[in-house]
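[1] Got a predicted structure here, sequence first:
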Amino acid sequence: MGYSTVATERRAINIRHAIDWGTKLILMVVGIGLFRSEFLRMMSLPRELNNELYLVLLLAAALLTAGWIFVANKEFEIMCDFLDPLAYQIPNEVFVGLAIAASLAILLYTARNPLWVGISYSVYMLLSVLGWTRAKGEMDKAIEASRVKLEDEPKKMRDIYGGALNILYSYYVRQANLPRVWASFALGLLGLMFSLLGLILGRTIFNTVAYAIFIFSILALEGGLAFYWRFKLYAQVRPFETAKHDIEHPKSHKRRRQNLPNADASQGSRGGSE
């Protein structure tokens, strides 16, 4: 029997999940603590529209950061589940990922200053444009190469993996993700322009407009629309993930069917009634 770490990896998966969720919990606590301290500080100041918009922007930036962490892990997991391209070299995207994480961190901790928000958000969206441009081309090649490799598999495997690949193609290649991030990038530059006007002219109304633009871009485009598309992707892929798991782990599939209440009896009664 050859040397293999598969069994060890399977046994350690719960530990890996615990570490992953523990890290997310720590980040969530830190984020909630930051928002709470800023909220209390704003409440101690005279009521002003820009202070309230700042709190909304801070919360939106925190949700955007948390969403990016979740999305990055979830979509990487889906890709690893269904992509097995033939003669395809996976590109190194470490720098882009770190740059996006850094720009989100700056956005989160400089939300009090609309100028720095404009800079960090514009950089984040520019990186998103570059990332989606590369992702669209690379996913197109990876999906096509996976389909070629899938041709030699049994029909049941082709149906499961092929169906999932079609969904991935619709989301990564055909979905209008590039126009969305281009629109958010344009809004980021527009907000940056208004924040510069506020700094140069000393008029808070320009900062108010800048805050409103950033909040709309994050909540409407990067939050609402993007996450609607993503959750639609996750829902469509879910049945194929279940079918793939049942093929790879037939014993657990058999146990799950046996645990269904009166499954065989109901089938038998239907057969008898017919």
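    Structure's in. What do you need? Numbering: from 1, shown residues only.
[2] Any idea how far stretch 146-163 is from the middle of the chain?
    26 Å (CA atoms, centre = their mean, to the nearest Å).
[3] now the end-to-end length of it.
    12 Å (CA to CA, to the nearest Å).
[4] Contacts for that stretch next, please.
    82-86, 165, 240, 243-244, 247 (CB atoms under 8 Å, 6 or more residues apart in numbering). Every C-beta, even on glycine, is put in place using the N, C-alpha and C of the backbone.
[5] ok, of those residues, which one's closest to S195?
    L83 (41.2 Å; CB to CB).
[6] Return the distance of that closest one relative to K141.
    11 Å (CB to CB, to the nearest Å).
[7] Nearest the geometric middle of this protein, what residue?
    V71 (1.8 Å; CA atoms, centre = their mean).
[8] does it sit in a helix or strand, and which one?
    helix 49-82 (DSSP states H and E).
[9] pLDDT below threshold where in the stretch 51-200 of the chain?
    Along the stretch 51-200 of the chain, the model assigns pLDDT under 70 to residues 86-93.
[10] what are the ranges of the strands in it?
    Using DSSP state E, counting those that start in this stretch, the stretch 51-200 of the chain contains no strands.
[11] re earlier: to what extent is the nearest residue to the residue nearest to the centre of the chain once chain neighbours are set aside buried, counted in neighbours?
    With sequence-adjacent residues excluded and distances taken as CB to CB, 6 or more residues apart in numbering, V71 is closest to R230, at 6.1 Å. Neighbour count of R230, defined by other CB atoms under 10 Å: 18.
[12] can you pull the contacts of R230?
    Counted by CB under 8 Å, 6+ apart, R230 has contacts 71, 74-75.
[13] Going by distance to N51, which of those wins?
    Nearest member of those to N51, counting by CB to CB, is V71, at 30.3 Å.
[14] Distance check, the closest one against C80.
    Taking CB to CB, one finds V71 at 15 Å from C80.
[15] where does Y124 sit relative to Q175, distance-wise?
    Taking CB to CB, one finds Y124 at 20 Å from Q175.
[16] and the two? which has more neighbours close in?
    Taking other CB under 10 Å, Y124 and Q175 do not tie; Y124 has more neighbours (28 against 17).
[17] right, and the more buried one touches L107 too?
    Yes: if you go by CB atoms under 8 Å, Y124 and L107 touch, sitting 6.3 Å apart.
[18] related to what we said a few turns ago, tell me the one of the contacts of stretch 146-163 nearest L199?
    Distances from L199 to those, taken by CB to CB, are shortest for L83, at 46.6 Å.
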